[in-house]
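**Q** with the sequence up front, the predicted model follows.
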Amino acid sequence: MEVPLQIVVRNFPHSAALEARVRESVAKLEEFHPRIVSCRVTIEESSRHQRQGRQLQVRIDVRVPGKEIAVNREHDEDVYVALGDAFDAARRQLEDAARVARGDVKTHEAH
C-alpha cells in the first residue's frame, strides 16, 4: 500500500537525499502498522544561534484508523539524526496502537 505522504521543509535546504530518507523511513513504518491512512513530515530549522549552531525540529503526524500519532523531536546540527529519533518514536507509538487494535493489551472496564 502506498501511504499518502506530505513532506514539508521550512528554513532548511531541501534535497533529494533528504526526501528519499523520509520516504524510506515512512515505508518502514508500514511494517509496524499496515493500515496507515496518511503521514505528514515537517522538517524545520527553528533558530540559528551564533554559538550553538542549528536547532532542527522534526514533526511527524501519522493517522491510523481510530488514532492520530504526533511526534516532535529537536536536535542540534544533524537532520538525519533528528529524523531517525523521530521515526523511532513514531514506530514505538505505532507498535503500541497495533497491539491495542489486535487486542493484545487488556483494557479496564469503566465503572
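**A** Structure's in. What do you need?
**Q** list the buried ones in the helix or strand where residue 100 lies?
**A** Using DSSP states H and E, residue 100 maps to helix 79-102. Buried residues in helix 79-102, counted by 16 or more other CB atoms under 10 Å: 79, 82-84, 86-87, 89-91, 93-94, 96-98. Where you see a C-beta, it was placed from the backbone N, CA and C, and this is true even at glycine.
**Q** hang on, residue 61 in a strand?
**A** Yes - judged by DSSP: H, G, I helix; E, B strand; the rest coil, residue 61 forms part of a strand.
**Q** that one touches residue 37, doesn't it?
**A** No - contact criterion CB atoms under 8 Å: residue 61 and residue 37 do not qualify, at 10.9 Å.
**Q** neighbour count: the two, which is higher?
**A** residue 61 (16 against 13; other CB atoms under 10 Å).
**Q** how much space between the residue lying closest to that one once chain neighbours are set aside and residue 58?
**A** Closest residue to residue 61 apart from its sequence neighbours, by CB to CB, 6 or more residues apart in numbering: residue 40 at 4.5 Å. Applying CB to CB, to the nearest Å, the value for residue 40 to residue 58 is 11 Å.
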